[in-house]
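Peer 1: predicted model, plus sequence, below.
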Amino acid sequence: METRFLRGGDDDFDYDTVDKNPDYDDRLIEEQDAQDKYFDEEEPEFIQGDDATQAHRKKDLEGETGIQDF
(Lines give C-alpha, C1' and ligand atoms only; values in the text may rest on other atoms or scores of the structure.)
Protein backbone atom coordinates (compact mmCIF):
# COMPACT_ATOMS: atom_id res chain seq x y z
CA MET A 1 0.00 0.00 0.00
CA GLU A 2 2.70 2.47 1.01
CA THR A 3 4.72 1.89 -2.17
CA ARG A 4 1.62 2.32 -4.33
CA PHE A 5 0.77 5.57 -2.51
CA LEU A 6 4.32 6.93 -2.93
CA ARG A 7 4.27 6.13 -6.63
CA GLY A 8 1.01 8.08 -7.04
CA GLY A 9 -1.20 5.09 -7.61
CA ASP A 10 -3.81 5.69 -4.89
CA ASP A 11 -7.00 6.65 -6.72
CA ASP A 12 -8.71 7.90 -3.54
CA PHE A 13 -6.08 10.58 -2.86
CA ASP A 14 -5.89 13.92 -4.68
CA TYR A 15 -2.14 14.30 -5.27
CA ASP A 16 -2.48 17.71 -6.95
CA THR A 17 -3.54 19.37 -3.68
CA VAL A 18 -0.15 18.44 -2.22
CA ASP A 19 2.09 18.49 -5.30
CA LYS A 20 1.00 21.93 -6.50
CA ASN A 21 0.91 23.61 -3.09
CA PRO A 22 4.00 25.82 -2.56
CA ASP A 23 3.47 25.76 1.22
CA TYR A 24 4.63 22.14 1.27
CA ASP A 25 7.75 22.73 -0.83
CA ASP A 26 10.67 22.65 1.62
CA ARG A 27 13.11 23.74 -1.08
CA LEU A 28 11.33 27.08 -1.48
CA ILE A 29 11.40 27.67 2.26
CA GLU A 30 15.14 26.89 2.42
CA GLU A 31 15.85 29.21 -0.52
CA GLN A 32 13.87 32.03 1.11
CA ASP A 33 15.74 31.53 4.40
CA ALA A 34 19.10 31.65 2.60
CA GLN A 35 18.09 34.81 0.73
CA ASP A 36 16.89 36.47 3.95
CA LYS A 37 20.17 35.61 5.68
CA TYR A 38 22.18 37.06 2.78
CA PHE A 39 20.33 40.38 2.81
CA ASP A 40 20.40 40.60 6.61
CA GLU A 41 24.20 40.29 6.59
CA GLU A 42 24.64 42.82 3.77
CA GLU A 43 25.74 46.32 4.77
CA PRO A 44 23.73 49.07 3.08
CA GLU A 45 25.65 51.42 0.82
CA PHE A 46 24.24 54.74 -0.24
CA ILE A 47 25.74 57.20 -2.70
CA GLN A 48 24.24 60.63 -2.40
CA GLY A 49 24.44 63.79 -4.46
CA ASP A 50 27.97 65.18 -4.42
CA ASP A 51 29.69 61.84 -3.82
CA ALA A 52 28.11 60.31 -6.91
CA THR A 53 28.82 63.37 -9.01
CA GLN A 54 32.46 63.60 -7.91
CA ALA A 55 33.06 59.89 -8.52
CA HIS A 56 31.69 60.26 -12.05
CA ARG A 57 33.81 63.36 -12.78
CA LYS A 58 37.03 61.72 -11.61
CA LYS A 59 36.82 59.07 -14.29
CA ASP A 60 38.17 60.48 -17.55
CA LEU A 61 36.88 58.82 -20.66
CA GLU A 62 39.52 57.81 -23.15
CA GLY A 63 39.30 56.24 -26.58
CA GLU A 64 36.04 55.27 -28.15
CA THR A 65 32.99 55.97 -26.05
CA GLY A 66 30.51 54.20 -28.28
CA ILE A 67 28.65 57.44 -29.03
CA GLN A 68 28.14 58.17 -32.69
CA ASP A 69 28.40 61.86 -33.45
CA PHE A 70 27.65 62.32 -37.11
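Peer 2: That came through, no problem.
Peer 1: use CA for all of it now, contacts and neighbours both
Peer 2: Will do.
Peer 1: so for this protein, the centremost residue is which one?
Peer 2: residue 35 (7.3 Å; CA atoms, centre = their mean).
Peer 1: sec struct for that residue, please.
Peer 2: Look at residue 35: counting by DSSP: H, G, I helix; E, B strand; the rest coil, its state is helix.
Peer 1: how much space between it and residue 8?
Peer 2: 33 Å (CA to CA, to the nearest Å).
Peer 1: next one: residue 16
Peer 2: According to CA to CA, residue 16 stands 10 Å off from residue 8.
Peer 1: between those two, tell me which one has more neighbours.
Peer 2: Under the criterion of other CA atoms under 10 Å, the comparison of residue 16 against residue 8 puts residue 8 first, with 12 against 8.
Peer 1: which ones are touching the more buried one?
Peer 2: Residues counted as contacts of residue 8 (CA atoms under 8 Å, 6 or more residues apart in numbering) are residue 15.
Peer 1: what score does it have for pLDDT?
Peer 2: With respect to pLDDT, residue 8 scores 89.
Peer 1: same question for residue 37.
Peer 2: pLDDT, read off for residue 37, is 92.
Peer 1: now swap in residue 3 and tell me
Peer 2: Looking at residue 3, the pLDDT reads 90.
Peer 1: return the set of buried residues in the helix or strand it falls within.
Peer 2: Secondary structure from DSSP states H and E places residue 3 in helix 2-6. For helix 2-6, a neighbour-count test (16 or more other CA atoms under 10 Å) marks nothing as buried.
Peer 1: what are the boundaries of the strands in the protein?
Peer 2: With DSSP state E, there are no strands along the chain.
Peer 1: low-confidence stretches in it?
Peer 2: 47-62, 65, 69-70 (pLDDT under 70).
Peer 1: distance of residue 16 from residue 22?
Peer 2: 11 Å.
Peer 1: same check on residue 1?
Peer 2: From residue 1 to residue 22 the distance is 26 Å (CA to CA).
Peer 1: follow-up on the earlier one: distance between the helix holding residue 3 and the chain's centre?
Peer 2: Here helix 2-6 is found 35 Å from its chain centre; the criterion is CA atoms, centre = their mean, to the nearest Å.
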